[in-house]
Every structure is written in structure tokens, then in C-alpha cells.
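# give me the fold of what follows.
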Amino acid sequence: MLFSGSDDSITQWDCANGPSHIKVVRTLDNPVSADVFALALDSQGRLFSGYGSSIQVWFVEDGAVVTVLDFHQASVSSLAMHGRVLVSGSDQTVAMWCLDSLSLITSLNVETRVQGVAMSVHGVHCSW
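Take a look at the predicted model:
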């Protein structure tokens, strides 16, 4: 599966039959009008999307919103995950979330605008 975000929706694409047979499976519409800047998938079939200043958590199987993670004050510009941790970046903040409980672990205030986040394979280093 492939997901792409745009103005205020996410498109799910089926790529199983190769690049010449890609087709749209469905469009997930956000209940709040906001641009989608970041997407991430976990191993439990959940899609995380940065919608405005919140992170929507969707079940891929049925397209239902599971919950909304709120912390950031500006648009969520980036998402990354490793193991059981999700990292989100927005304006001048980086937040780390527990994927098991979907709760905030910690946050960092940084001096510059966060435009992207990444975690090392070992989950020890986080960059923005």
C-alpha cells in the first residue's frame, strides 16, 4: 500500500500488482480542514498523519480514525518512527510518542524551525 497526503485528504493506493497497475483504494477525508504534511505507517496497520497541529491516527483496514494526538501549536511538518516510538516535528518543537499507549513521552524545544525528523536504526539518536 502507498499513501499520499494533500490539501485535506489522504489517498490510499494499491501497488500490489506492480507500477503499471496502481489504483486508488480510497480517500480518507479529514474532519478538520487542514493540509497533510507528514505520514507514517506502523506495523500494527495504523497510519499516522500530520493534520494541522494534530496527529490523526487511522486504522488502515477500515479507514477509521482511532484517536487524535494533540501537543503541537503549529502544523506537524514531519513524522518518523522506530520500534515503539513515534517522533513528530512542528515549528520549534519535537515530540516523542509511545506507540503502545499513544501517549506523549517527552518533548523538546529547539532554536530553529523543524522541517524534518529522523531516528537512527538503534533508536538512540534523533535528528531534525
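# can you find the helix or strand in the protein with the smallest mean pLDDT?
Every helix and strand of the chain was ranked by mean pLDDT, DSSP states H and E. The lowest is strand 126-127, at a mean of 61.
# could you check how far residue 4 is from residue 25?
12 Å (C-beta to C-beta, to the nearest Å). C-beta here means a position set from N, CA and C on the backbone, and glycine is covered the same way.
# repeat that for residue 91.
33 Å.
# then residue 57?
Residue 57 is 19 Å from residue 25, by C-beta to C-beta.
# got it, and residue 79?
Using C-beta to C-beta, we find residue 79 at a distance of 21 Å from residue 25.
# higher neighbour count, those two?
Between residue 79 and residue 25, residue 79 has the larger neighbour count (other C-beta atoms under 10 Å), namely 21 against 14.
# partner residues bridging the more buried one?
Counting by DSSP bridges, residue 79 is bridged to residue 88.
# and residue 93, by the same measure?
residue 90, residue 109.
# and for residue 104?
Applying DSSP bridges to residue 104 gives these bridge partners: residue 97.
# what residues are up against the residue of the chain positioned farthest from its centre?
For the chain, the largest distance from the centre (C-alpha atoms, centre = their mean) belongs to residue 20, which lies 27.2 Å off. Counting by C-beta atoms under 8 Å, 6 or more residues apart in numbering, residue 20 makes contact with nothing.
# separation between it and residue 9?
Residue 20 is 25 Å from residue 9, by C-beta to C-beta.
# and for residue 80?
Relative to residue 9, and taking C-beta to C-beta, residue 80 is found at 22 Å.
# the more surrounded of the two?
Just comparing residue 80 and residue 9: by other C-beta under 10 Å the higher neighbour count belongs to residue 80, 19 against 16.
# that one touches residue 118, doesn't it?
Yes - if you go by C-beta atoms under 8 Å, residue 80 and residue 118 touch, sitting 5.2 Å apart.
# now do the buried residues in stretch 23-43.
Counting neighbours by 16 or more other C-beta atoms under 10 Å, one finds that the buried residues in stretch 23-43 are 28, 30, 34, 36, 37, 38, 39, 40, 41.
# pLDDT on it, on average?
Model confidence over stretch 23-43, given as mean pLDDT, is 83.
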